[in-house]
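>>> Please work out how this folds:
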Amino acid sequence: MFVDHAEIKVVSGRGGDGAASFRREKYVPRGGPDGGDGGRGGDVVFEVSSGLATLRDFRYQHVFKAESGRPGSGSGSSGRQGKDMVIPVPQGTMVIDEAGRVLADLVQPNQRYIAARGGRGGRGNIHFANATRQAPGFAERGEPAEEKAVTLELKLLADVGLAGYPNAGKSTFLSRISSARPKIADYPFTTLEPNLGVVDFEGGGFVVADIPGLIEGAHQGVGLGLDFLRHLERTRVIAYVVDVSGFEGRSPVEDFRNVRHELAMFSPDMAARNALIIANKMDIPGAEANLDLLAATAKEQGYEVIPISAVTGQGLQEALYRLADLVKNSPAPEGPVVEVQPEEPPTNLSDFELHYNAAENIFEAQGIAIERLVAMTDLSSDEALLRLQRLFRKIGLEERMKQAGAEEGSLVRIGKNEFELDLSNE
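The predicted model follows:
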C-alpha cells in the first residue's frame with residue numbers, strides 16, 4: 001500500500017543526572033567532591049533511505065524515542081551518552097510541525113535532519129565547588145527530553161508527471177515505456193496510488209510518475225485530488241494524457257481544459273511548466289476527428305500534441321523522444337530549500353518575560369534558559385534551592401516582581417514548579 005502522509009511524535013533522550021559524590025581516600029579525612037557529569041541524551045534524526053518508497057512503516061509505529069543519557073558517577077566519571085534514534089524516510093519527505101511550518105525537505109540521498117535534540121547531561125558536584133562552598137552536596141539533574149508532534153509528507157521525485165482523467169490510459173502508457181507494472185483495468189478510478197517508472201532508452205533516461213486520475217474539483221479535495229496533486233509539484237514536465245476516442249462520452253478538449261484548470265488552481269507555477277499533450281487511444285475509430293479538435297485548441301495555447309496508442313505502441317517512440325527533450329531543457333522546479341536544525345537553547349538567564357496571572361493569583365516567569373535552570377535543579381536539596389534563590393536574585397527576578405506589585409510570600413511559576421520567593425531586602 002502506498003502511504004504518503006503520517007503523523008508521529010518524536011521524543012529525544014533526556015540528559016543523565018550529574019553525580020554528587022566525594023573522594024574516599026585512606027588517611028584523607030575529608031575528600032573533595034568528585035561527582036561526574038551525566039551523559040547527553042540521544043537525538044531523533046530523520047535520514048533519507050534509498051530503499052524506501054512510501055511512508056507505510058509509519059502506519060504501525062507512531063512514537064519514536066531516543067535513548068536517555070546515563071547518570072554520572074564518582075571519581076569524576078561521566079555517564080554514557082544516549083543512542084540516537086535514526087528514522088529512515090524515503091527521498092522527497094517533508095517534515096512539518098504542528099503550526100504547518102516546513103522544518104525540512106529531505107530530497108538528497110542520505111540527507112539527515114535532527115528533529116529533536118537530546119537533553120544536556122547534568123553537571124556533577126565537582127563543578128559547584130568554590131572558595132565558600134568547598135563540599136557541595138548537590139548536582140544538576142539532566143535536561144528534560146524534547147518532545148514534539150510532526151507530520152511527514154511525501155512528494156514523489158520524478159522528471160515527468162502524467163496528468164489526466166481516470167481511464168485516460170496513463171497506467172497503460174507507463175507500463176509500455178518503463179518496467180513499472182501498475183494495476184490496469186477498463187473502468188474509472190482504477191489507479192488509487194501513484195506509480196513511478198524509469199524510462200531508459202537511447203534518447204535518454206528519465207523518471208515518470210503516474211498520478212491517479214483527476215476529476216473536477218480535485219484542487220479542493222474532491223475525490224483524491226489533494227492527496228495526489230502534490231506529487232506533481234516536484235516534476236519538471238507535465239504530460240497531459242487525453243483520451244481522444246470519445247468512448248467515455250466526454251470531450252477530449254474539455255478533458256484537457258479541466259485537468260489543466262485543476263493544476264492551475266492547485267499551483268499556478270505547476271500549470272505554467274513545460275508540458276506535452278499525449279493524445280491516447282488513437283487505435284479506436286473516431287479518434288482522428290477528436291485529435292484535430294484537440295490539436296487546434298492546443299495550438300492556441302502553445303502546446304504540442306503527440307498522438308499515440310498505448311495499447312498498440314503507435315507513437316510511443318516519438319512521445320519518448322519529445323519528453324526526453326523537454327526534460328533536458330526544463331529546470332527542476334524551485335521549492336523551499338529548508339532544513340531548520342534545532343538550535344541549542346539560549347543560556348542568558350535574564351532573558352525572560354514576567355506576567356501576572358490574576359485568575360490564579362500567581363506570577364509566571366517564561367524563558368527557555370530560566371525554565372531549563374529550574375528543570376535541571378535538584379529541588380530536593382536545600383543547598384541546590386539556596387543556590388537557585390541566589391541566582392533568582394542575581395538575574396533580577398525578585399526585583400522585577402516587586403516592581404510588578406509582588407509582596408512578601410507572592411508565588412512565581414517557572415515551568416512546572418512554583419516558588420515562594422523571599423522579597424525582603426536582606
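>>> From here on, just use CA atoms for contacts and neighbour counts.
Fine.
>>> Name the nearest residue to Val89, sequence neighbours excluded.
Nearest residue to Val89, sequence neighbours excluded (C-alpha to C-alpha, 6 or more residues apart in numbering): Val48, at 5.0 Å.
>>> count of neighbours near Ala131?
6 (other C-alpha atoms under 10 Å).
>>> which residues of the stretch 201-350 of the chain score low on pLDDT?
201-204, 213-228, 334-345 (pLDDT under 70).
>>> The residue nearest to Val89 touches Gln111, doesn't it?
Yes: with contact defined as C-alpha atoms under 8 Å, Val48 counts as touching Gln111 (5.4 Å).
>>> who's more crowded, those two?
Using other C-alpha under 10 Å as the criterion, Val48 and Gln111 rank with Val48 on top: 21 against 14.
>>> Now for the residue nearest to Glu147 when sequence neighbours are not counted: which residues touch it?
Leaving out its chain neighbours, the residue that sits closest to Glu147 by C-alpha to C-alpha, 6+ apart is Val11, at 4.4 Å. Val11 makes contact with Val44, Val63, Phe64, Lys65, Ala66, Ala116, Ala145, Glu146, Glu147, Lys148, according to C-alpha atoms under 8 Å, 6 or more residues apart in numbering.
>>> any chance of the residues you listed in a markdown table, plus distance to Ala275, secondary structure and pLDDT?
Formatted as a markdown table, those follow (distance: C-alpha to C-alpha, whole Å; DSSP: H, G, I helix; E, B strand; the rest coil; pLDDT from 0 to 100):
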| residue | distance to Ala275 | secondary structure | pLDDT |
| --- | --- | --- | --- |
| Val44 | 41 | strand | 97 |
| Val63 | 42 | strand | 96 |
| Phe64 | 42 | strand | 97 |
| Lys65 | 45 | strand | 97 |
| Ala66 | 46 | coil | 98 |
| Ala116 | 41 | strand | 94 |
| Ala145 | 49 | coil | 95 |
| Glu146 | 46 | coil | 94 |
| Glu147 | 44 | strand | 95 |
| Lys148 | 41 | strand | 94 |
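>>> are any of those buried, and which?
Buried residues within the contacts of Val11, defined by neighbour count using 16 or more other C-alpha atoms under 10 Å: Val44, Phe64, Lys65, Ala66, Ala116, Ala145, Glu146, Glu147.
>>> could you dump those residues to a markdown table with distance to Glu418?
Conversion of the buried ones among the contacts of Val11 to a markdown table gives the following (distance: C-alpha to C-alpha, whole Å):
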| residue | distance to Glu418 |
| --- | --- |
| Val44 | 31 |
| Phe64 | 31 |
| Lys65 | 29 |
| Ala66 | 29 |
| Ala116 | 27 |
| Ala145 | 21 |
| Glu146 | 21 |
| Glu147 | 22 |
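>>> Okay, now the sheet partners of the helix or strand where Phe46 lies, with direction.
Take DSSP states H and E as the rule and Phe46 turns out to sit in strand 44-48. If you go by DSSP bridges, strand 44-48 pairs up with strand 85-89 (parallel), strand 112-116 (antiparallel).
>>> Just say which of those strands is most tucked in.
Most buried of the strands paired with strand 44-48, by mean neighbour count (mean count of other C-alpha atoms under 10 Å): strand 112-116, with a mean of 23.
>>> how far out from the middle of the chain is that strand?
Put simply, strand 112-116 sits 9 Å off its chain's centre (C-alpha atoms, centre = their mean, to the nearest Å).
>>> elements contacting the helix or strand harbouring Ser171?
Per DSSP H and E: Ser171 is located in helix 170-177. When contacts are defined as 3 or more C-alpha pairs under 8 Å, 6 or more residues apart in numbering; DSSP states H and E, helix 170-177 packs onto strand 195-201, strand 204-210.
>>> Can you add distance to Thr132 and mean neighbour count and give those back as a markdown table?
Shown next, in a markdown table, are the helices and strands packed on helix 170-177 (distance: least, C-alpha to C-alpha, whole Å; neighbours: other C-alpha atoms under 10 Å):
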| stretch | distance to Thr132 | mean neighbour count |
| --- | --- | --- |
| strand 195-201 | 70 | 18 |
| strand 204-210 | 71 | 21 |
